[in-house]
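Novice: sharing a sequence plus its predicted fold:
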Amino acid sequence: MGASQSTAGLRPDVRAAIGTREPGQVASRPAVKVAHLRKTYGELVAVDDVSFSVAEGEIFGILGPNGAGKTTTVECAIGLRSPDSGTIRLLGLDPHADRDRLHEVIGVQLQAGALPAKLRVGEILHMYRSFYPDPADVGELTEALGLAGKLKDYYKSLSGGQRQRLSVALALIGRPKIAVLDEMTTGLDPQARRDAWALIEGIRASGVTIVLVTHYMEEAERLCDRVALIDGGRIVALDTPASLAARARGGTTVRFVPSAPFDDRLLTGLPEVTGVEREGQHVAVTGTGELVNAVILALHVAGVTARDVQLDSSNLEDAFAKLTGNHPDQEGAAR
Amino acid sequence: MSSLSLSLPRPARRAAFGQIVLNEARLTRRQPAGLIGGIVLPMVLLVIFDAMPSFRQPTADLGGLTPLDVYVPILIVLSLGLLTLFGLPMPLTTYRELGVLRRLSTTPVPPWWLLAAQGVVQLCVALTGIVILLVMSITFYGVLVPKSPGALMLSIALTAAALFPMGLLIASVAKTANGASVIGRLVLFPMIFFAGLWWPRELMPGVLQAVGNFTPLGAAVEAMQDSMQGQFPPAAPLLVLAAYAVVFGFLAKRFFRWE
């Protein structure tokens, strides 16, 4: 993997598990280890030389735009697909050779998985519960997930958020050591999404390692200890959300609604400004240095007031745009 | 990691399979299209046929049997055909659409258990339908008692064995549940013609009858009618059914898609 890894900002136990790891050191064996994974579909290279490891108890994010190779990576890791090359170990188990044993210790919530409309929540949970040697208690699990009153409801009568929580419940009912959650908040309203985040933090607190696949920057930033940014089938960066955001720092964006129309040249002529964009009634000005003061002053001189001013400092999203727009790591490897 | 060596012991595996069968049975009861096709429709047809006086007269064309005698095996085949070519592929296609098979393949339970559970449920429905049909027709309508019950059971079993993989193949070819129902219809209706639903095989021209004997449902009806009349079925229709079972079993195994 070309991207550098920094261990600053990690929880101490996570850092201990991944930062000082020696090859073959069993005591700190990572929960997930993927090395040089490659998967092609015909001509299309879906995943190319992806390597990462996840420490036990860590929330590890796999972040990238749609079609980047996130789901393929995860599907290879859990044994749903065979990689063309590379090695994968989950808790030391090979997803293919040890498939049955592996599936007893991982819980998977796949993207867009539905269930039969005319089964009741309790019937579904009891069926999946019977698949595992040491399952969780249905009552406790549904209580924790806010589904306790829903056991007698048909699946079709559940809301989107409730279906998602049931799906998570099925991933957790076997008391997994690793939970893989693929796009679990896609399609949820903001409140349900925040509930889901609290839920994930609760799951981690119970000692479960979590691999979280998402294309929401905000989600990764809020939850993950470390994030792998995947684009075009490759890891373009792997670091803590804070370190990734810091890498992208150097620019600021001011957004405002002008009280009167004005000519963009009023601002583009300023030395602090590098770009002006119109987004509906908003104006977004990017630049460096004392950007805010310079912009407000120039507008004031022209008799324009800036209302609803917002200042964006860089975040994971900026890091993502920067890292995927310009791949320093891929240039050497380009074929 | 000592718990990694845990594995479901055999009784627990049986219980897990039982849970899947139980939920499949619940779904069959709550979405009763299969029950209607497999049990109610053949019963209704039996009642309607019996209400037609001509159906109760022994006919020389039918070798001295009444049309009702001839139709009981046809209705058995109709029930089996509807259950295997509609009742089986529709839920399987739905499960694939919903991602149920994919979800199951991330658990310790292999997804083919769901297929097997579907098979168990459809088979139970079919057997219920067949038993009701035979009991009704014999006790109320004076249809002749199967003279070779063993041969009849063997014929029913082989018919199911030939049709089951056809249902799986339909589930593989179809992309959606609606597609599966269209394909099921396209496959079932020509086949049920050769079984004699609209035109008893005995009255068909020789060529049609000969062709029909090589279709799965034609062979099934031939085998069942012969068993009802006490012949241990001629090897021919049973061999035809067995050949279909082997060929379609192979094709279904080769082409069945989990996703």
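Specialist: Happy to help now that I have it. This structure is a prediction, so every number in the text was calculated from the model and none was measured.

Novice: so which bits of the stretch 101-250 of chain B are right by chain A?
Specialist: Counting by CB under 8 Å from any CB of the partner chain, the positions of the stretch 101-250 of chain B adjacent to chain A are B:102-103, B:105-109. C-beta: built from backbone N, CA, C; applies to glycine.

Novice: looking at those, which two lie furthest apart in space?
Specialist: By the measure CB to CB, B:102 and B:108 form the most distant pair in these, at 14.9 Å.

Novice: hmm, back to that, among the residues of the stretch 101-250 of chain B next to chain A, which are located in strands?
Specialist: Per DSSP state E, strands hold no members of those.

Novice: give me the low-pLDDT residue ranges for the stretch 151-259 of chain B?
Specialist: Across the stretch 151-259 of chain B, the ranges flagged by pLDDT under 70 are B:233.

Novice: which stretches in it count as helices?
Specialist: Ranges of helices within the stretch 151-259 of chain B are B:177-195, B:206-212, B:216-228, B:235-255, based on DSSP state H, counting those that start in this stretch.

Novice: related to what we said a few turns ago, would you list the residues of the stretch 101-250 of chain B next to chain A in TSV and tack on neighbour count and pLDDT?
Specialist: Shown next, in TSV, are these (neighbours: other CB atoms under 10 Å in any protein chain shown; pLDDT from 0 to 100):
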residue	neighbour count	pLDDT
B:102	20	89
B:103	21	92
B:105	21	90
B:106	23	92
B:107	22	93
B:108	22	91
B:109	23	91
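
Novice: dump the residues you listed to TSV, plus distance to residue A:272.
Specialist: Below are those laid out as TSV (distance: CB to CB, whole Å):
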residue	distance to residue A:272
B:102	53
B:103	54
B:105	56
B:106	53
B:107	58
B:108	61
B:109	62
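
Novice: could you list which of those residues belong to helices?
Specialist: B:102-103 (DSSP state H).

Novice: longest helix in chain B, by residue count?
Specialist: helix B:112-139.

Novice: what helices or strands is it leaning on?
Specialist: Under the contact criterion of 3 or more CB pairs under 8 Å, 6 or more residues apart in numbering or on different chains; DSSP states H and E, helix B:112-139 touches helix B:10-30, helix B:33-35, helix B:41-51, helix B:67-82, helix B:89-98, helix B:100-104, helix B:149-173.

Novice: mean pLDDT lowest for which of the ones you listed?
Specialist: Among those, helix B:33-35 has the lowest mean pLDDT, at a mean of 86.

Novice: pull out the buried residues from that helix.
Specialist: B:34-35 (16 or more other CB atoms under 10 Å in any protein chain shown).

Novice: same thing with stretch A:176-190?
Specialist: By neighbour count with 16+ other CB under 10 Å, stretch A:176-190 contains the buried residues A:176-186, A:188.

Novice: take the residues you listed and write them to TSV, including pLDDT.
Specialist: TSV is the format used below for those (pLDDT from 0 to 100):
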residue	pLDDT
A:176	94
A:177	94
A:178	95
A:179	95
A:180	94
A:181	92
A:182	89
A:183	85
A:184	82
A:185	81
A:186	77
A:188	75
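
Novice: farthest pair within those?
Specialist: For the buried residues of stretch A:176-190, the maximum inter-member distance is 26.0 Å, found between A:177 and A:188 (CB to CB).

Novice: quick one, strands of the stretch 51-200 of chain A?
Specialist: Using DSSP state E, counting those that start in this stretch, the strands found in the stretch 51-200 of chain A span residues A:59-63, A:85-90, A:106-109, A:178-182.

Novice: of all those strands, which one is nearest residue A:134?
Specialist: strand A:106-109 (12.5 Å).

Novice: tell me which residues of that closest one come out buried.
Specialist: Of all the residues in strand A:106-109, those buried under the rule 16+ other CB under 10 Å are A:106-109.

Novice: for the residue in the stretch 151-259 of chain B positioned nearest to chain A, which non-adjacent residue is closest in space?
Specialist: Taking CB to the nearest CB, chain A has its nearest neighbour within the stretch 151-259 of chain B at residue B:259, 8.6 Å off. Once flanking residues are discounted, residue B:259 sits nearest to residue B:102: 5.4 Å by CB to CB, 6 or more residues apart in numbering or on different chains.

Novice: surely that neighbour meets residue B:257?
Specialist: No. With contact defined as CB atoms under 8 Å, residue B:102 does not reach residue B:257; the gap is 11.1 Å.

Novice: can you narrow the buried residues of strand A:106-109 to ones near chain B?
Specialist: Applying CB under 8 Å from any CB, the subset of the buried residues of strand A:106-109 adjacent to chain B comprises A:106, A:108.

Novice: just for the stretch 101-250 of chain A, where's the confidence low?
Specialist: In the stretch 101-250 of chain A (pLDDT under 70), the answer is A:246-250.

Novice: cool, thanks, signing off.
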